Every structure is written in C-alpha cells, then in structure tokens.
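Asks: From the sequence below, what's the structure:
(chains A and B)
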Amino acid sequence: MEEKKPVVEMRSIRKVFLDVIANRDIDFSLYRGEVCSLLGENGAGKTTLMNVLFGYYALDGGEIYIKGEKVNLSSPKDAIDKGIGMIHQHFTLVPSQSVLENIIIGAAVEKGLFLDFKSAGERVVRLGEEFGLLINPDVKVWTLSVGEQQKVEILKALYRDVDILIMDEPTAVLAPKEIIELFKTLKALVKRGKSVVFISHKLNEVMEISDRIVVLRNGGVTAERKTSETNIRELANLMVGRDILEKLDRKNMIPGKPVLEIENLSVLNEKGLKAVKDLNLVVHKNEIVGVAGVSGNGQTELSESLFGIREPVSGVVKVNGKKVKKGNPAAAIDMGMGRIPEDRIETGLLMDLSVEENIILENHLKHGFQKYGLMNFNRIHEFSDKLIKDYKIKTAGSDIAAKSLSGGNLQKVILARELSGQPSVVIASQPTRGLDVGAMEYIHERLLEERDRGAGIMLISEDLDEVFTLSDRIVVMYEGEIIGEAGSGTASKEQIGLWMSGVKK
Amino acid sequence: MIRIRIIRRAPLPNWARIAIPVIAIIVTLILAAIPILIAGGNLWKSYYYLFYGALGTRFNILETFVKSSPLIFTGLAVAFAFRAKFWNIGAEGQLLAGAIAATWIGISFPGVPAFILLPVVLTGGFIAGGAWAAVPALLKTKLKVDDVVTTLLLNYVMMHIMGALLFGPLQQPGSSWPRSPEIVAAAKYPILLARSRFHMGIPLAFIAVFILWFINKRTVLGYQTKAVGVNIRAADFGGINTTAVILKTALISGGLAGLAGVGEVCGIQYHLLMDLSPGYGYSGIVIAMLGNLHPVGVMFSAFFFSVIIVGAQTMSRITGVPVYISEVIQGMALIIMLIAILFTEYKIKVAKR
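Replies: Residues are numbered from 1 along each chain as shown, chains lettered A, B, ... in the order given. The predicted model follows:
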C-alpha cells in the first residue's frame, strides 16, 4: 500500500476556532479502495478535519492534494466536483419529498423545461443494486427509518459520482442490524475502487470495518495502525492516552426492598399504537436492572411515561410503594426519581440558559433557592459551583450558556441535577449515547456509586456492553414486552441477542 | 471569482448588544432620506423639523413623553410575551379591552374619590387586558391553537365589540357619534406638569419598565418564562407547569397592554372613541423587537418611536412631507433591526480566489 499514490493527501492541516485549535498540523492520506477510520474522542478534531476536506471549513494552514493535484476547496460544491462526498450525522433530506427528488436535488438532468425523472430513477435503482442500497425511489423520505434515510444519503453521494466518501459517525443512529447492512455497503464500495473515511469513537466497529486506523487526540494525530496489526486495547490506549477500565470496580450487593414497581403499564406511541404492552417490572434498592433491546421496541415510550412527560393509557407505577401520579413530571421528581432522558438536548436541557439555570431546573422552588417568589442567586451560585466541582463539569463558569459545553459535560450537568437530590430510583435512558470513552466511564462509575448508595437503577440502553458491565439483572424488551430476563452472571450475550431479535426460548 | 458566505459568529460582547440597535436607528434615518426626497422634502429641513418637533421646545419634549407612555406599555406587553414564546400579536385588542373597562368604571361611579377610583380603574384595565390575552393562551395550551392567528384575529373581535358598545350601552346619551360620555374627574389621571398633557401614565410606564426588568431578572416567574421560551419540552420535563406559566405570561402581557388603553382614556381623551389607538398595539411589536425584548431596550425604542411620530407632524406641517412618513420609518426600523439581529449571530465572509 505504501507504494500506491494516495487519492487524498492532506499536509499540515491547521484549523482554529476562535481560541481553540481543532486541528494542529495534521497529515492525513487516503488510498484507493480502502476504509480508513478516524478514531478519537469527541472533540479530538475528526469531524473538523473532514469538514475541511469537504470544503465546509476554510483552512487556516496546510495543503490538500486530491489525486496528486493541489486543490483549493472553498465550498462543499467544490469538494463534490472533485469527487468527495460527506454524510453528516444529521441528515440533509427533505422529509416531504420522495427519495428520488432528494437524490437528484441540485444534480438533476434537464430535458428541455422538465427534469428527466425517468432516467434518473433508473440510475438510482442501478446504483442501489450495485451497492446493496435497495430503496424504492418513489416513497416519501419521512416514511423511511433512520437506516433507510442513511442509504438515501449514500445514494445521493454516489449519484454525484463521488469516489471518496466521508461518513461522520454513521452508526450512532443505527440499530445493530442496520449497522451490519451499512458495513456490507461500505465493503461493496471499496471493492469497486472507492475510498471511505469512517469517523467513529467506537472501537469494535473501527476494528471490524477498517483497513487502516488513524487515531486523533486533542487535534493531533497520535498514531496510525493497520487494523490487522493492532487490537482494541491498544487503540483505546492511543485514543484516551490511558487504559480503559474494562471491568469496573463493582462490589457485590444484595438487592433490598422494591423501590420501583411497574404494574401492567401500557403506553401509546405518536401513531396511537401500543408501544408498551402490559409491562411489569420491579427494581430493588441497591440493584441495577438493565433494559436491553433494539431501538424502537418501546424503550422511549416506557422511559417517557416514567418521566411523566407521556401519559400511559393504563397501569400503575409505584416508587417506594407509593403510586406516582400519571403524566406529571413534577410528581415523578417529588417522589424521588432521578431521570436521565435519552435526548439530552431536546428534553433534558435549556441550551440557551446558563449551567446553573439548568442545574436548578427541577428544584428552583426548593432548597431556599427562592423566597416569596424571588430567586436567591447567592445560594444558586454556591450550590452550582459545588456540583460543578463534584461532578467535574468542564465549564468556564456556572453562568456560562449550556450550549458552549461538550456532549459529555452536558450529560454531567444532567447527572448533577438528577443525582444531587439522592433519588431512590434512577431511570437512565441511553445515558452514554454519543459520548466519548472518558465521559462514558465517568457516568458508569457514577451510576454504580448511586447503586451502592442505595438507589434502584433502571438502565435502558441499546449498548449491550454497557448493559452487561453495569447490570445486576438484565431484561430484554421486544415489541413493548419483556421477552426475557436473566441475572447478569448467568446471561450469555448469545441468549440476550436471541431475545433482542424476538426469539423466545 | 468572489464568493460570499454567511457563517455563524462567536457570541458578541455586551456593548455590541447596545450598539446594534443604535446603529440600526442611524441606518434607518439614513435610508428614510429616500422616501423623504421622493415626497419632495428638503432633506436637512425635514430632519431638522422632525427633531425640532419632537424635542425642540419644552412642550414638544413633554408631548413626546406623552406619546411614549402607551408605546412603552404595549412594547413591554409584547416583549414579555415573546420572551416566553407566547406570540402575542394582540396587544391592540388588549389595549382596547383595557380602555373599555376604564371607561365603564370611569363613568359608573360618580362621587367616589380619586384615591379609590384610580386604583380601581388601573386594576380593572389591567384585568380586562389580561383576560382578553388569556383567551388565546388557553386556546394555545389546551387545544394547541396557533397563538399568532388567535391573538391577531381577536384584535378585530375587540374592535367590533367596542363599536357595538359605542353605538349601544356606552354611547353618550343624545349623541349620534360613537363616543362614550366623559369619565368623572376622579377617574382622570392627574396632570403632573403645568401647561402640558404630562399625566400620571408617563411615570407609570417607566415604573412598569423597572418592575418588568425586576420580574425578568430576579423572580421565579422570570426564570420560568425564560425556561419555557427557550425549550418548553425541557421546562415541562423539569417539572415546570408550562400551562400555568403561559397563562401568567398572557395575563401580565395583556394587562400591560390594557394599561396603555387606560392611559389613553384617563390621561388623554377622557372619552372612549373608535379611533382611540392609532395602532399602538402593533407598534408595540416593532418596539419590542427593536428593544431586543429587554425592558430597558423597550423603553428606549418606544421613546425613539414617539420622537418619530410626534416629530413627523411638525415636519409634515412645515415641509409638506406627508405625516405617514412616520409609519414608513417605523416599518424600516423593524426590517433593519431584524437584519441587524441576524448579523449578531452571523457574519458575511467574502472569499476571493
């Protein structure tokens, strides 16, 4: 491979945002017919580097060569013209339009006054067959699942004759089955001579899909490895600069009395269909119950009904033996429930408000934070500063807007708010989704500490490793029901996997 | 080839938040030269009389203050509602509701002394305006009806209710004009400065600015309205009763607009008339935007507007430029401020290659 000429060569790339150096003199090459992974924690500079290559950010220093020719990319259009395509984490599709309309937008062939839909449609189908991206071009995008929408994005790039495809954390939004399909597509792409940059912080995925791995940390390249010559442990070291505790230090505890009892709970989804069906589950003191399952099997609706933001149609939820008022977030908080929502930004945080205003959200009426309707800012500062220290939240101050914090620190803000009241029940929904290894480890430790303190924890997660590492007991949700249950000592990944796919034993 | 791109910029320092409306006003005045010239006015003379008319004499200055009172109230009303993303376009109707209540109280209780009647008139006007704003707030929270549409349309409903009253029970006996009887002397705002119309409603408006600033900055309600405005889903998740917050916001917002109406009846006209308000409620929207939804900003932008409105009359009388120029300037101010707000978050980058 060393003899081959690279299709992309980036030399001494430098990119600075205000006073943050996102890329410090990075050299990066990509060869024909390979999947190259860019591995690194959130904020390591992976996405920035690729946004530079995609013409999305202007360079602050360095040079880019594509197929040996020096280029000056001042917009994504330039990059696409040079054969570079990028698929962002957030898709750029028009939901109300058809797949075909989305694909040909801006690249349509005109036939007189009209667009040539027929030949475009045929071409899309041909591309789909070639790369395993079978999607009916006539359906509206809003009817598609996230995985299918991603296929449309890939088709959109291929339609533009792209031969270098950048994918920014493509698996973050996908279910396990969809990930397998994506990997098949990527392999088909490189087989036909295309090159793929795969941005990720998930070690096992990187090991599985890539031919070569470039590790970034703090805006610089720390290492480059052929996948065949490295392993997860070494990559983890390179990525975070220290060993990851693969096994957390966990004490054995005997579960106590029930703290959360869910009886015959049924919840509807947006379409009015039963997403949770007569579900029964008990969580005890000093116990973590992991709820595993493929996304879309009722976990979101279950957690939202426990949080009080979605009213269940029937059933009872008890905390410490007392019934919780339905559909009332304040009641859930008052009963001693710590709630970590899966969508931190949309549900959990007030991004335009300050860190402290987020921290006091749930108890701004209590703790002497107010008197006669007037806020006591001295108390609020004191309380927030203490939590910022206790939870190691990286922020320039308690009065800084939440939106300036990184993902891991935002989750710590939620954690601080939810756990500072020493809840007897903690519902954690996808608590580490999208977070880097450092933040993930911290959150795992915190959840274990809460268990040891005496909380009963319900951990809803699609990350099987997380469920296995943390749980004392594992249940699997399938189509709104609990299909299987096992103690974490006795559960095998194979059995859990079977349950997740709907196979009863 | 030159490419122009719009990119997000870093948050601006505080001084820029003050500088930007000032720059917007200067740009407005420069651009306003175009319609003035088209209308055949002499530019320097026109601007001279615009400012002379508003600020040139003691009487003119006091008239500008008189004009600023209803504008401050409606500006505050809209700003407070918008902060919670309750899109109250209905300050005009709420103003009229307040005016009707003030008139009704003002003609119904002869013999009651002013120190009792004035607080009752103020309270009544506030409640009437608040209640009229509560209607769309309830529709929004209970039935998810769009508040822009309902608040706007209810303006016309209130206008016609007022018309029906002025041709019916509130009509001055023996008159064929749509005009109420004069309110009793005890319900009239005291005139605070001799040889002027400088009435009690003016200091009240400035007190309202302070109270609203205090509510926003220091109170639980201020925190809750901000939280609801920023992310209603997260506010709900955090246990805030968002329905109650929106209702309270509507009551205060509508109440402030109602006080604008009370001031026009009890401070200026002493009667209820069909053309009581030349669109103060709509001007309030522009004033709130120009003031960045901040009470102090609203105060300054309302004052700027009254300078334009009062000054335009003198300018028109002397130079012949139609008095409607003041509305053109108001509209320009809004558009330019909206553009300026855009530039507080984005900047244009020109790349040559």
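Asks: from here on, contacts and neighbour counts on C-alpha atoms
Replies: Will do.
Asks: What is the neighbour count of the single nearest residue of the stretch 151-300 of chain A relative to chain B?
Replies: Residue of the stretch 151-300 of chain A nearest chain B, by Cα to the nearest Cα: residue A:300 (14.2 Å). Residues contacting residue A:300 under the criterion other Cα atoms under 10 Å in any protein chain shown number 21.
Asks: ok, it - contacts?
Replies: Shown in contact with residue A:300 (Cα atoms under 8 Å, 6 or more residues apart in numbering or on different chains): A:342, A:429.
Asks: Next, the residue nearest to the spatial centre of chain A: secondary structure please.
Replies: The C-alpha lying nearest the average C-alpha coordinate of chain A belongs to residue A:434 (Cα atoms, centre = their mean; 3.1 Å). Assigned with DSSP: H, G, I helix; E, B strand; the rest coil, residue A:434 falls in the coil class.
Asks: ok, and the closest non-adjacent residue to residue B:9?
Replies: residue B:346 (5.0 Å; Cα to Cα, 6 or more residues apart in numbering or on different chains).
Asks: how about the helices in the stretch 101-250 of chain A?
Replies: For the stretch 101-250 of chain A, applying DSSP state H, counting those that start in this stretch gives helices covering A:117-131, A:146-159, A:176-191, A:203-209, A:232-240.
Asks: looking at those helices, which is closest to residue B:86?
Replies: Evaluated with Cα to Cα, these place helix A:146-159 nearest to residue B:86, the distance being 32.9 Å.
Asks: outside of the closest one, which residues touch it?
Replies: A:85-87, A:91-93, A:99, A:102-104, A:123-124, A:127-128, A:133, A:135, A:141, A:165, A:173-175, A:178.
Asks: hang on, the earlier thing: hang on, the residue nearest to the centre of chain A packs against residue A:172?
Replies: Yes: counting by Cα atoms under 8 Å, residue A:434 does reach residue A:172; the two are 6.7 Å apart.
Asks: In ChimeraX, how would I select the buried members of the contacts of helix A:146-159?
Replies: Typed into ChimeraX, the line below selects the buried ones among those, using 16 or more other Cα atoms under 10 Å in any protein chain shown:
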select /A:85,86,87,93,99,102,103,104,124,127,128,133,135,141,165,173,174,175,178
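Asks: any idea how far chain B is from residue A:83?
Replies: Relative to chain B, residue A:83 is positioned 20 Å away (Cα to the nearest Cα, to the nearest Å).
Asks: next one: phi and psi at the closest residue to that residue other than its chain neighbours?
Replies: Of all residues not flanking residue A:83 in the chain, residue A:162 sits nearest, at 4.2 Å (Cα to Cα, 6+ apart). Dihedral pair for residue A:162: phi -80, psi 140, per degrees, to the nearest 10.
Asks: still on that earlier bit, quick check: bridge partners of the residue nearest to residue B:9?
Replies: residue B:8 (DSSP bridges).
Asks: Then residue A:199?
Replies: residue A:38, residue A:168.
Asks: Now do the strands in chain B.
Replies: Assigned by DSSP state E, the strands in chain B fall at B:2-8, B:346-352.
Asks: Output the contacting helices and strands for the last one.
Replies: On a contact count with 3 or more Cα pairs under 8 Å, 6 or more residues apart in numbering or on different chains; DSSP states H and E, strand B:346-352 meets strand B:2-8.
Asks: who are the neighbours in contact with the closest residue to chain B within the stretch 51-200 of chain A?
Replies: For the stretch 51-200 of chain A and chain B, the shortest gap (Cα to the nearest Cα) falls at residue A:74, measuring 8.1 Å. Residue A:74 sits next to A:55, A:56, A:57, A:58 when contact means Cα under 8 Å, 6+ apart.
Asks: pLDDT score assigned to it?
Replies: If you check residue A:74, the pLDDT there is 86.
Asks: so it, which of the three states?
Replies: Put simply, residue A:74 is coil when judged by three-state DSSP.
Asks: now it: how far from residue B:350?
Replies: Separation of residue A:74 from residue B:350 (Cα to Cα, to the nearest Å): 11 Å.
Asks: element containing residue A:281?
Replies: If you go by DSSP states H and E, residue A:281 is part of strand A:274-284.
Asks: Buried residues of that strand, list them for me.
Replies: Neighbour counts over strand A:274-284 (16+ other Cα under 10 Å) mark A:274, A:275, A:276, A:277, A:278, A:279, A:280, A:282, A:283, A:284 as buried.
Asks: Intersect those residues with the contacts of chain B.
Replies: Among the buried residues of strand A:274-284, no residue lies close to chain B (Cα under 8 Å from any Cα of the partner chain).
Asks: now the helices for chain B?
Replies: B:14-31, B:33-38, B:43-55, B:58-83, B:91-108, B:114-143, B:147-166, B:201-218, B:220-230, B:232-237, B:242-263, B:280-290, B:295-319, B:325-345 (DSSP state H).
Asks: hey, which helix or strand in the chain has the poorest pLDDT?
Replies: Answering for chain A, as no chain was given. Lowest by mean pLDDT, DSSP states H and E among the helices and strands of chain A is strand A:110-111, with a mean of 68.
Asks: Could you name the specific helix or strand carrying residue A:364?
Replies: Applying DSSP H and E, one finds residue A:364 in no helix or strand.
Asks: which residues touch it?
Replies: A:370, B:220.
Asks: Tell me the pLDDT of it.
Replies: Looking at residue A:364, the pLDDT reads 91.
Asks: Same list (the buried residues of strand A:274-284) but as TSV, adding pLDDT.
Replies: TSV is the format used below for the buried residues of strand A:274-284 (pLDDT from 0 to 100):
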residue	pLDDT
A:274	90
A:275	92
A:276	95
A:277	95
A:278	95
A:279	96
A:280	96
A:282	96
A:283	97
A:284	96
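Asks: can you put the residues you listed in JSON lines and add distance to residue A:25?
Replies: As requested, the buried residues of strand A:274-284 are exported to JSON lines (distance: Cα to Cα, whole Å):
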{"residue": "A:274", "distance to residue A:25": "54"}
{"residue": "A:275", "distance to residue A:25": "50"}
{"residue": "A:276", "distance to residue A:25": "51"}
{"residue": "A:277", "distance to residue A:25": "55"}
{"residue": "A:278", "distance to residue A:25": "57"}
{"residue": "A:279", "distance to residue A:25": "55"}
{"residue": "A:280", "distance to residue A:25": "56"}
{"residue": "A:282", "distance to residue A:25": "54"}
{"residue": "A:283", "distance to residue A:25": "51"}
{"residue": "A:284", "distance to residue A:25": "53"}
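Asks: interface residues of chain A facing chain B?
Replies: Counting by Cα under 8 Å from any Cα, chain A sits next to chain B at A:18, A:307-309, A:328-331, A:333, A:346-353, A:361-362, A:364-365, A:370, A:373-375.
Asks: Buried among these? Make that a PyMOL selection.
Replies: The following PyMOL line selects those of the residues of chain A next to chain B that are buried, judged by 16+ other Cα under 10 Å:
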select buried, chain A and resi 307+308+309+328+329+330+331+333+347+348+349+350+351+352+353+361+362+364+365+370+374+375
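Asks: ok, the closest residue to residue B:82 other than its chain neighbours - contacts?
Replies: Nearest non-adjacent residue to residue B:82, counting by Cα to Cα, 6+ apart: residue B:88, 6.9 Å away. Counting by Cα under 8 Å, 6+ apart, residue B:88 makes contact with B:78, B:81, B:82, B:133, B:147, B:148, B:151, B:152, B:250.
Asks: Over to residue B:75?
Replies: B:281, B:283, B:284, B:285, B:286, B:287, B:288, B:298, B:299, B:302.
Asks: and which of those residues is nearest chain A?
Replies: Ranked by distance to chain A (Cα to the nearest Cα), these are led by residue B:288 at 19.8 Å.
Asks: Wait, the closest one touches residue B:83, no?
Replies: No: contact between residue B:288 and residue B:83 fails when scored by Cα under 8 Å: they sit 10.0 Å apart.
Asks: who has more neighbours, those two?
Replies: More crowded of residue B:288 and residue B:83, by other Cα under 10 Å: residue B:288, with 29 against 21.
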